[in-house]
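Student: Build the 3D model from these lines:
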Amino acid sequence: MKDKISKDQALQGWINGFIGVLLFSGSLPATKLAIMEMNPIFVTIARAGIAGILALVVLLIFREKRPGKDHIFPLLLVSLGCVIGFPLLSSLALQHLTSAHSIIFLGMLPLMTALFGVIRGGEKPHPVFWLFSIIGSLLVIGYAVAQGISASPIGDILMLSAVVLCGLGYAEGAKLSKTLGGWQVISWALVLALPLMLPLFFIYLPENIETVSFQGWFGLAYIALFSMFIGFIFWYKGLAQGGITTVGQLQLLQPFFGLALAAYFLHEPVSLGMLGITVGVILCVAGTKKYAK
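Tutor: Model prediction:
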């Protein structure tokens, strides 16, 4: 019976993780739509503020107990990585990069999530794990350097930093989800950031807000509702059910989905180089799966 339950939990973890990845895949293209008409800092604040208010309402409706003192620091890390760090740095990066170019860096996100999962879980991976890790990192860095003249080194650095912080937030949130629950983790992380986001919302509110088009509002609505809240409900639950290093590999699909969305909705060119590097990074991260534990 235990084996059956274990397999059922693993399957549910993959299903929930896959739904989360699908929702996250539209994040960078939607962010690009929003920052084309609004300040990246305001977009970051607005997405966190809207999602934070929604999270607070949900917590009150279900009368969830407040997190314990030992939960506060991990929740702050989730907030730093997923609520503030990744949204802000990726928004700033998209001022210098196309969403298609930035999506290449998402190929490193499974690796970062696994690395922080190993660090936080105290596991000792096989040396081959680190070999694949280094090769994957060098592929991304090498491509970024090669494109530095036509692209933007600043944008690449910002995007790389965003991925590192996001990996930390993913791993920390997955660990907390085992005790707090998936939707509770992201909800409390958003609520912790709310006292900062609400006043900043009015400070950075654009003067030309009435001129923002439907596309701009759609982009903001998507990242606030799906990227910042609903997607995390499925993602954290999936990671907690199936394991951080295992279910985290589903992020390998995100660059492909993201590139397809960028090409279709934003009409951004997707070069063979982008596809080649994305595939190379995905193969490297797939190689870490066997040696993650």
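Student: can you give me the strands in the chain?
Tutor: Along the chain, no segments are classed as strands by DSSP state E.
Student: what residue ranges in the stretch 51-200 of the chain score low on pLDDT?
Tutor: Under the criterion pLDDT under 70, the flagged ranges of the stretch 51-200 of the chain are 121-123, 144-145, 147-151.
Student: Scan this structure for its longest helix.
Tutor: If you go by DSSP state H, the chain has its longest helix at helix 153-180.
Student: chain center to that one, what's the gap?
Tutor: For helix 153-180, the gap between its own C-alpha mean and the chain's C-alpha mean amounts to 7 Å (CA atoms, centre = their mean, to the nearest Å).
Student: Which elements pack onto that helix?
Tutor: Helix 153-180 makes packing contacts with helix 69-78, helix 86-93, helix 99-103, helix 109-121, helix 127-146, helix 182-203, helix 231-242, helix 244-247 when contacts are defined by 3 or more CB pairs under 8 Å, 6 or more residues apart in numbering; DSSP states H and E. Glycine gets a C-beta too; all of them are placed from N, C-alpha and C.
Student: Of all those helices, which one comes closest to L56?
Tutor: In this view, these are compared for proximity to L56 by CB to CB, and helix 182-203 is the closest at 5.3 Å.
Student: packing partners for that closest one?
Tutor: Judged by 3+ CB pairs under 8 Å, 6+ apart, helix 182-203 is in contact with helix 40-61, helix 69-78, helix 153-180, helix 231-242.
Student: so that helix versus helix 40-61, what angle?
Tutor: Between helix 182-203 and helix 40-61, the angle comes out at 130 degrees (axes from the mean of the first three to the mean of the last three CA atoms, to 10 degrees).
Student: would you put the C-alpha positions of helix 182-203 in PDB?
Tutor: These are the backbone C-alpha positions of helix 182-203, laid out as PDB (Å, rounded to 0.1, in the frame of the first residue of the first chain):
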ATOM      1  CA  GLY A 182       1.800  24.700  -1.400                       C
ATOM      2  CA  TRP A 183      -0.600  27.600  -1.800                       C
ATOM      3  CA  GLN A 184       0.000  28.700   1.800                       C
ATOM      4  CA  VAL A 185       3.700  29.200   1.200                       C
ATOM      5  CA  ILE A 186       3.300  31.500  -1.800                       C
ATOM      6  CA  SER A 187       0.400  33.300  -0.100                       C
ATOM      7  CA  TRP A 188       2.400  34.100   3.100                       C
ATOM      8  CA  ALA A 189       5.400  35.100   1.100                       C
ATOM      9  CA  LEU A 190       3.300  37.500  -0.900                       C
ATOM     10  CA  VAL A 191       1.600  38.900   2.300                       C
ATOM     11  CA  LEU A 192       5.000  39.500   3.900                       C
ATOM     12  CA  ALA A 193       5.900  41.700   0.900                       C
ATOM     13  CA  LEU A 194       2.600  43.500   0.900                       C
ATOM     14  CA  PRO A 195       3.400  46.200   3.400                       C
ATOM     15  CA  LEU A 196       6.300  47.200   1.200                       C
ATOM     16  CA  MET A 197       4.500  46.900  -2.100                       C
ATOM     17  CA  LEU A 198       1.400  48.900  -1.300                       C
ATOM     18  CA  PRO A 199       3.000  52.300  -0.600                       C
ATOM     19  CA  LEU A 200       5.500  51.700  -3.500                       C
ATOM     20  CA  PHE A 201       2.600  51.100  -5.800                       C
ATOM     21  CA  PHE A 202       1.400  54.700  -5.400                       C
ATOM     22  CA  ILE A 203       4.900  56.100  -5.500                       C
END
